[in-house]
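> model the structure of this input:
(one chain, ligands or ions: 3)
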Amino acid sequence: MQEHVVYYFSGTGNSLKTALTIQKALGCCDVVSMCSSHEHHGEEASIGFVFPCYFGGVPHQVLEFIRNMELPGDLENSGASELPEASKAPGTSEFPEAPGTSEIPATSETSVAPEASGTPVASATPHKQASPYVYAIVTYGAILGSTFGQLNEALKSRGIELNYVAPLKSFANYVVMYEMSSKASEMLVETKASLQPIIADILAQKTTKIKKPLPLLKTYNRLASRNVHTQDRNFVVRESCTSCATCERVCPAGNIELAEGRPLWLGQCEQCMACLQWCPERAIDYGEKTQKRDRYTNPEITVTMFIDYLHGAGMHS
Ligand SMILES: Cc1cc2nc3c(=O)[nH]c(=O)nc-3n(C[C@H](O)[C@H](O)[C@H](O)COP(=O)(O)O)c2cc1C
Ligand code: SF4
Ligand code: SF4
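Numbering: from 1, shown residues only. Ligands and ions are numbered 1, 2, ... in the order given. I've put the predicted structure just below:
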C-alpha cells in the first residue's frame with residue numbers, strides 16, 4: 001500500500017494530468033480511476049479527489065464512487081441513503097426530464113467568476129493528524145457553481161471530512177456547447193502555474209472552509225444534468241470509423257460497445273466527451289453541433305496513458 005492516494009475522474013485528460021502532477025510531488029502515491037475501483041484501504045496519510053466540474057457540480061461518476069466506496073469501519077459512520085439528492089442516480093424519478101442543451105450555458109462565455117461562487121481561501125491552520133488529510137481539486141473552465149459544497153455533502157454522508165479544496169482553471173472542453181479554443185498551450189502553462197501553490201498547500205496540509213452549496217446553484221446543477229445519461233442518443237458515427245475500438249476503451253462509464261465494428265451507446269453516458277474527443281478518425285459527432293469544431297485532449301496525456309490509468313494499470317508512483 002502507498003502512503004497517499006489520489007482518486008481521479010477525467011474525460012479529456014486535464015484531471016488525470018493534475019492527479020499525476022500531485023502524485024509526483026507527494027511521492028509514494030497511487031493514482032486510481034474512480035471508474036475502476038471502489039476499494040479504499042483507509043490507512044493512507046492523504047486522500048485526494050481530482051475531477052472536472054460538470055454543469056456547475058460534481059459528475060455523477062464521482063458521486064457514485066463516493067456512495068460506493070468500500071471504507072474501513074472507522075471511516076464510515078452512515079449509509080448511502082443519506083447521500084444528498086443530487087447524487088442519486090439520474091434516470092430515477094427524482095430527476096426531471098431531459099434538458100435541451102441550450103439551457104446549459106457555455107462555460108467559456110459566462111462571466112460568473114469562481115470567487116462569486118465561494119472559492120475557498122486556504123488557511124494556515126494545519127490539519128490534525130489523527131485521520132487522513134482529505135482534499136479535492138476541481139478542474140473547470142469558467143463556473144464552479146455548487147461543486148465544492150455538493151462534494152462536501154457527499155463525503156460527509158460517508159463520514160469523511162473534507163479538509164481542503166481548490167479550483168484549477170483548465171481548458172474548457174465541452175465541445176457540444178462551444179468551439180475548442182485555439183489557446184490550449186497557453187492554457188496549459190497557466191494551469192500548470194496555478195497548480196503549484198495548490199500543491200504547496202497540500203504538502204503543508206492546509207485547510208479551507210467549505211460553504212454550504214447555495215440552493216439556486218444546486219437547482220441549476222440538477223436541472224442542467226438531468227437525464228444526462230441518455231443524451232448519448234445524439235452521438236453519430238461517420239463512415240471514416242475504422243472499428244479501432246478506442247471509443248470503447250476510453251469511455252469511463254463503460255457506456256460503449258462495438259457492434260459490427262461500430263460504437264453503440266448504452267444510455268449510461270456522463271457526457272465527458274472522451275469518445276468524441278479521443279477518436280483518432282474524428283468519426284464521432286454530437287449531432288451536427290460538433291462537425292466543424294476542433295477536438296481537444298490534454299497535450300501531455302497520450303491515449304495509451306489515458307486508457308492504462310482508466311483500467312487500473314500504471315497507477316503507482
Ligand atoms: C459535460 C461537461 C460539463 C461541463 N460543465 C462545466 C461547468 O459547469 N463549469 C465549468 O467551468 N466547466 C465545465 N466543463 C469543462 C470542464 O470542467 C473542464 O474542461 C475540465 O478541465 C475537463 O476535465 P477533464 O479533461 O479531466 O475531463 C464541462 C465539461 C463537460 C464535458
Ligand atoms: S474511436 Fe472512432 S474510429 Fe475507432 S471505433 Fe470508435 S468511432 Fe470508430
Ligand atoms: S459515451 Fe462518450 S461521452 Fe458518454 S461517458 Fe462514454 S466516453 Fe463519455
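> look at the residue of the stretch 51-200 of the chain found nearest ligand 3 and report its pLDDT.
Nearest residue of the stretch 51-200 of the chain to ligand 3, counting by CB to the nearest ligand atom: Gln61, 8.1 Å away. Where C-beta positions appear, they are placed from N, C-alpha and C, glycine not excepted. With respect to pLDDT, Gln61 scores 95.
> could I get the contacting residues of it?
Phe9, Met34, Cys35, Pro252, Ala253, Glu270 (CB atoms under 8 Å, 6 or more residues apart in numbering).
> does ligand 2 sit close to stretch 279-297?
Yes: Stretch 279-297 lies within reach of ligand 2 by CB under 6 Å from any ligand atom, at Cys279, Glu281, Ala283, Ile284.
> just the buried subset of those, please.
Cys279, Ala283, Ile284 (16 or more other CB atoms under 10 Å).
> the last one contacts Met273, correct?
No: taking contact to mean CB atoms under 8 Å, the distance of 9.3 Å between Ile284 and Met273 leaves them out of contact.
> any weak-confidence spans in this protein?
1, 38, 40-42, 72-130, 314-317 (pLDDT under 70).
> can you give me the strands for the stretch 51-200 of the chain?
Taking DSSP state E, counting those that start in this stretch to define them, one finds strands in the stretch 51-200 of the chain at 123-126, 133-140, 164-169.
> please identify the most buried of those strands.
strand 133-140 (a mean of 24; mean count of other CB atoms under 10 Å).
> chain center to it: distance?
Its chain's C-alpha centre and that of strand 133-140 lie 10 Å apart, by CA atoms, centre = their mean, to the nearest Å.
> and the contacts of it?
14-15, 18, 22, 45-53, 107, 114, 127, 144, 147-148, 151, 155, 160-170, 172, 191, 195, 198, 202, 205.
> so which strand or helix has the closest residue to Ser182 other than its chain neighbours?
Leaving out its chain neighbours, the residue that sits closest to Ser182 by CB to CB, 6 or more residues apart in numbering is Asp294, at 7.5 Å. When elements are assigned from DSSP states H and E, Asp294 belongs to no helix and no strand.
> any idea how far Asp294 lies from Tyr178?
Separation of Asp294 from Tyr178 (CB to CB, to the nearest Å) stands at 11 Å.
> among those two, which residue is more densely surrounded?
Using other CB atoms under 10 Å as the criterion, Asp294 and Tyr178 rank with Tyr178 on top: 17 against 13.
> assess the claim that the more buried one and Ala172 are in contact.
Yes: taking contacts as CB under 8 Å, Tyr178 lies within contact range of Ala172: 7.0 Å.
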